[in-house]
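Peer 1: Build me a model:
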Amino acid sequence: MSKNLSEIRRYELKYTISEQMALEIRDYIKDICSMDKNVPEGEKGYIVNNLYFDTSDFKFYYDTKYKKTNRYKARARFYGEAATDFIWPEIKYKIASVVWKKRYYLPIEDWHSLFTLENVNPEPPMINKRLDTFDNIVYWHNAHSVLHVRYFREPYVTELEEYGRVTFDRNLCCRQTYGNVGLNYKEQDMSYYDDPITTRHFDSPVILEIKVENNVPFWAVELIRKFNLMQRGFSKYCYGIDSLFGSSDDGRIPKFHLDK
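Peer 2: Next up, the predicted model:
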């Protein structure tokens with residue numbers, strides 16, 4: 001099976017902002033950024049779907065929630081209201097404030113076959129060597145599909161840097177997947193979780209992300225200063241899990257199980 005691997009190294013800065021501030025920032029960056037070319041003509045963005053995988057003891061969830069310095073997660077992404085052509089299995093590493101994302105695209109018809117043993121490297125990983133593909137992380141951690149997250153992304157790119165993006169994410173919703181890797185779903189199964197109570201924000205927030213390849217450039221620093229942005233970690237995966245199941249007094253997920 002051909003794997004068209006790509007890897008991106010970047011810094012990610014996340015903020016929760018009001019809709020009014022999102023509109024003001026959009027206007028401010030109009031001379032710095034332009035709409036991502038992947039946005040369909042006449043549209044303001046696109047729908048992103050992430051299928052998150054985790055271990056039976058939710059290692060990836062807890063590593064993220066409690067901000068382990070060196071961590072990673074496995075997910076598969078497709079775009080649009082339904083998966084119709086390709087899916088992107090990917091892994092996302094984070095070491096301190098630096099993020100690496102490694103992924104490849106796969107025809108939808110090959111998605112289920114990805115979970116057969118012949119498509120996984122049978123050699124166990126060497127000690128201290130990173131598991132460097134989605135397939136190997138899922139296999140060696142015996143990870144299962146646990147959560148489908150969907151949101152609408154309004155993305156902009158800048159030509160002032162080799163790599164620079166500003167994105168606004170809205171309408172976050174999710175569903176439990178019970179270990180199922182099927183990509184079809186019913187709209188009534190999606191539960192929205194961008195409300196003020198879940199996000200601990202004064203209203204339903206917009207998730208602003210500034211992504212750059214190297215140190216934060218001048219234009220991004222000025223944007224942060226002008227709008228007095230206060231950085232805030234916001235894991236769509238963790239907030240999705242918490243929105244469905246809450247957390248107990250000791251911080252553990254209550255009543256969460258893989259099977260229906």
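
Peer 1: So for the strand or helix carrying Glu24, mean pLDDT?
Peer 2: Assigned by DSSP states H and E, Glu24 belongs to helix 19-28. Mean pLDDT, helix 19-28: 96.

Peer 1: Give me the secondary structure label for Gly233.
Peer 2: coil (DSSP: H, G, I helix; E, B strand; the rest coil).

Peer 1: How far off centre is the strand or helix carrying Phe53?
Peer 2: Using DSSP H and E, Phe53 maps to strand 46-54. Mean C-alpha position of strand 46-54 versus that of the full chain (CA atoms, centre = their mean, to the nearest Å) differs by 7 Å.

Peer 1: Tell me if I'm right that Gly164 and Thr158 touch.
Peer 2: Yes. Here Gly164 reaches Thr158: they are 4.0 Å apart, a contact under CB atoms under 8 Å. Where C-beta positions appear, they are placed from N, C-alpha and C, glycine not excepted.

Peer 1: Show me whatever sits in contact with both of those two.
Peer 2: Cys33 (CB atoms under 8 Å, 6 or more residues apart in numbering).

Peer 1: who has more neighbours, these two?
Peer 2: A count of neighbours by other CB atoms under 10 Å puts Gly164 above the other of Gly164 and Thr158, at 22 against 18.

Peer 1: Tell me what the more buried one is bridged to.
Peer 2: Val212 (DSSP bridges).

Peer 1: burial count for Phe60?
Peer 2: If we define neighbours as other CB under 10 Å, then Phe60 has 26 of them.

Peer 1: Can you pull the phi/psi pair for it?
Peer 2: Here is the backbone geometry of Phe60 (degrees, to the nearest 10): phi -70, psi -40.

Peer 1: how much space between it and Tyr237?
Peer 2: Note on Phe60: its distance to Tyr237, by CB to CB, to the nearest Å, is 8 Å.

Peer 1: Quickly list what's touching both of those two.
Peer 2: Going by CB under 8 Å, 6+ apart, residues that sit against Phe60 and also against Tyr237 are Tyr52, Lys73.

Peer 1: partners of the lengthiest strand in the chain in the sheet?
Peer 2: Using DSSP state E to define each element, the chain has its longest strand at strand 144-158. Partners of strand 144-158 in the sheet, by DSSP bridges, are strand 33-35 (antiparallel), strand 46-54 (antiparallel), strand 164-176 (antiparallel).

Peer 1: can you give me the angle the last one makes with helix 19-28?
Peer 2: Read it as strand 164-176. 150 degrees (axes from the mean of the first three to the mean of the last three CA atoms, to 10 degrees).

Peer 1: taking the mean pLDDT, what do you get for strand 164-176?
Peer 2: Here the average pLDDT along strand 164-176 is 96.

Peer 1: going on from that strand, what's the next piece of helix or strand?
Peer 2: strand 191-192.

Peer 1: Which residues outside that following strand are in contact with it?
Peer 2: Contacts of strand 191-192 (CB under 8 Å, 6+ apart): Asn171, Leu172, Cys173, Cys174, Arg175, Ser243, Leu244.

Peer 1: quick one: the nearest residue to the fourth one once chain neighbours are set aside from Leu147, how far?
Peer 2: Spelled out, it's Cys174. Spatial nearest neighbour of Cys174, excluding adjacent residues (CB to CB, 6 or more residues apart in numbering): Gly240 at 3.8 Å. Applying CB to CB, the value for Gly240 to Leu147 is 5 Å.

Peer 1: what's the answer for Gly164, then?
Peer 2: 29 Å.

Peer 1: which residues sit against the helix or strand encompassing Ile224?
Peer 2: Ile224 is part of helix 218-226, with elements assigned from DSSP H and E. If you take CB under 8 Å, 6+ apart as the criterion, helix 218-226 is touched by 13, 25, 28-29, 32, 158, 160, 164, 166, 210, 212, 216, 229.

Peer 1: Just want the angle from it to strand 164-176.
Peer 2: Going by the same axes, to 10 degrees, helix 218-226 makes 60 degrees with strand 164-176.

Peer 1: Helix 218-226: what's the following helix or strand?
Peer 2: Helix 218-226 is succeeded, C-terminally, by helix 236-245 (DSSP H and E).
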